[in-house]
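Novice: Model the following, please.
(one chain, ligands or ions: 1)
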Amino acid sequence: MKENQDNKMDKIVSLCKRRGFVFQGSEIYGGLKGTWDLGPLGVALNNNIKREWWKMFVDGREDMYGLDAAILMNEKVWEASGHTGAGFSDPVVVCNACGTRHRADHVLKENGKTGVDGLTLEQFQMKFKSGADIICPKCQKRDWGEVKNFNLMFETQVGAEGDMKSYLRPETAQGIFVNFKNVVDSMSPKLPFGIAQVGKAFRNEIAPREFLFRVREFEQMEIEYFVEEKDWQEEFEKLHLDIKAWHAHLGLKDENIREYEVPENDLAHYSKRTIDFEYNYPGKGFDELAGFAYRTDHDLKSHEEASGVKMRYTPAEGVPFIPHVLEPSFGVGRAFTAVLAEAYTEDEMGGEIRTYLKLPIHLAPYKVAVSPLLKNKPELVAKAREVFVSLKKEFGNVAWDDNGNVGKRYRRQDEIGTPYCIVIDFDTLGEENPNLKDTVTIRHRDTGEQERVHISELISKLT
Ligand code: GAP
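Specialist: Alright, predicted model coming up:
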């Protein structure tokens, strides 16, 4: 079973490359570890995920405000948030035998050790010092250097003199916190309310791996939801349901989602409660898809102390106070991987094995593909172009496909998850049967069934 699942992930990665979803970053120069480029279909799927998220969490609600903060921020932001310290470091250990740098917690887990989460640097150092039984996953030797903390932020210099340090943001969240006062002053929101942001984040991961799962440049979709302290549990329950609804909207099956209540000793320095939503990735098993944390008033308080600017909410009656915050945080790449894993299907159709992506219609890169039955018949092509242009005007993500025979086109569109294929044939021209004039076939991806529909009904049928 595990082998099948490994195999499934390999097939998905191969499909992603072959059909233009995901390419290795800087591929022609041998790549850059931990980076991937989205191809034409990948960017369409990625944008659809982000658009649906924005629709559900921002446009679909009255209590949410959007934001798009700069990636580069004053370095004081990261000092105040605690990211420059040990709180945003991973323990790294070098194998003296083969020279490979590993994440110490990963090595312990791969050696079957339990109780690894939440260990301090000193505890990691003890384990590897007395660790004659810890084997290097790469060379199988047992010769370890000292465990050290490695900060995950990418450092950079700002300006021609290069005398100002900055970082590529490792999360979008801090951009929200530092703009809290701006949003309150400009929008006068009523508590509880949230600020949402989608954007890039960067982490110098020690061991980037598993396709898009752990990368050095990725996108997050984050919300900071501000509440009164007394209400945090009630609001936590409500947002919890919203997160579950989002995962259902992505088409992820309940049985493939698991919730992990992070134990107290492993909570991030700012959190009083965190639930990790885990997805059952093929060949990997359950691992983090999204996080949901109660961050108390830690961040606004830290920024108020560090900047001297009041980060307060003033109720209609009463004194200004620092709200507490709930944070649903989603990685776009992990959602992308989970969506593909859930959608990847092999079945038998017409006596042949076929591969198709059973993507939800709102996520598919193309909603519909249009083709003429034969590409060497100008009258069929002209009619098909007419249909294509009108659908493209309406929906945008419409494909034109006239390569090979119709059967091959169906397989090609199935493989990239196009829910509908429309074919313009001689009946559309009304040559044999005038009753069929201006009708086309719509072929459905999941069942392979076809129906005959009048062109005038197409838009309402596909909406
Ligand atoms: N603001 C809170 C925060 O950033 P996190 O658990 O570190 O929390 C949130 O990250 C989400 O971002 C994760 O659940 C995951 O989906 C995604 N993520 C984090 N690191 C990632 C990486 N190196 N590669 C891909 N996605 C990542």
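Novice: show me where the stretch 1-150 of the chain has helices.
Specialist: For the stretch 1-150 of the chain, the helices defined by DSSP state H, counting those that start in this stretch cover 2-18, 40-54, 75-81, 104-110, 121-129.
Novice: which helices and strands does the first one pack with?
Specialist: When you say that, I think you mean helix 2-18. Helices and strands touching helix 2-18, by 3 or more CB pairs under 8 Å, 6 or more residues apart in numbering; DSSP states H and E, are strand 22-24, helix 332-343, strand 344-349, strand 352-357. Using the backbone N, CA and C atoms, a C-beta is placed for each residue, glycine as well.
Novice: CSV for these, including mean pLDDT, mean neighbour count and distance to K190?
Specialist: Listed next are those as CSV, based on pLDDT from 0 to 100; neighbours: other CB atoms under 10 Å; distance: least, CB to CB, whole Å:
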stretch, mean pLDDT, mean neighbour count, distance to K190
strand 22-24, 97, 18, 42
helix 332-343, 98, 23, 30
strand 344-349, 94, 13, 44
strand 352-357, 94, 16, 42
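Novice: residue contacts, W53?
Specialist: W53 is in contact with 198, 221, 246, 330, counting by CB atoms under 8 Å, 6 or more residues apart in numbering.
Novice: Could you tell me whether the first one really is in a helix?
Specialist: No. Secondary structure assignment (DSSP: H, G, I helix; E, B strand; the rest coil) places V198 in strand, not in a helix.
Novice: Please list all residues in contact with I422.
Specialist: So I422 contacts 368-371, 387, 391, 440-443, 458 (CB under 8 Å, 6+ apart).
Novice: Which strand residues bridge P328?
Specialist: Applying DSSP bridges to P328 gives these bridge partners: F292.
Novice: Tell me which residue in the protein sits closest to the ligand.
Specialist: Residue of the chain nearest the ligand, by CB to the nearest ligand atom: G331 (2.2 Å).
Novice: if I look at that residue, how far off is H247?
Specialist: For G331, the distance to H247 (CB to CB, to the nearest Å) stands at 13 Å.
Novice: what do those two both touch?
Specialist: Residues touching both G331 and H247 by CB under 8 Å, 6+ apart: 289-290.
Novice: Skipping adjacent residues, who's closest to P192 in space?
Specialist: V227 (4.4 Å; CB to CB, 6 or more residues apart in numbering).
Novice: Next, the contact list for V309, please.
Specialist: By CB under 8 Å, 6+ apart, V309 lies in contact with 181, 303.
Novice: For it, identify the helix or strand it belongs to.
Specialist: Assigned by DSSP states H and E, V309 belongs to neither a helix nor a strand.
Novice: was I right about G430 contacting I424?
Specialist: No. Counting by CB atoms under 8 Å, G430 does not reach I424; the two are 11.8 Å apart.
Novice: Counting neighbours, go ahead and name the busier of the two.
Specialist: Applying other CB atoms under 10 Å to G430 and I424 shows that I424 carries more neighbours, namely 28 against 13.
Novice: partners of that one in the sheet?
Specialist: Bridge pairing for I424 - DSSP bridges - gives P372.
Novice: Please tell me how far it sits from S14.
Specialist: 33 Å.
Novice: Quick one: low-confidence residue ranges for the stretch 251-400 of the chain.
Specialist: Scanning the stretch 251-400 of the chain for pLDDT under 70 picks out nothing.
Novice: Helices along that one, start to end?
Specialist: Under DSSP H, counting those that start in this stretch, the stretch 251-400 of the chain gives helices at 298-307, 332-343, 378-395.
Novice: I'd like those written out as JSON lines, with distance to E235 added.
Specialist: Putting the helices of the stretch 251-400 of the chain into JSON lines (distance: least, CB to CB, whole Å) gives the following:
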{"stretch": "helix 298-307", "distance to E235": "16"}
{"stretch": "helix 332-343", "distance to E235": "23"}
{"stretch": "helix 378-395", "distance to E235": "37"}
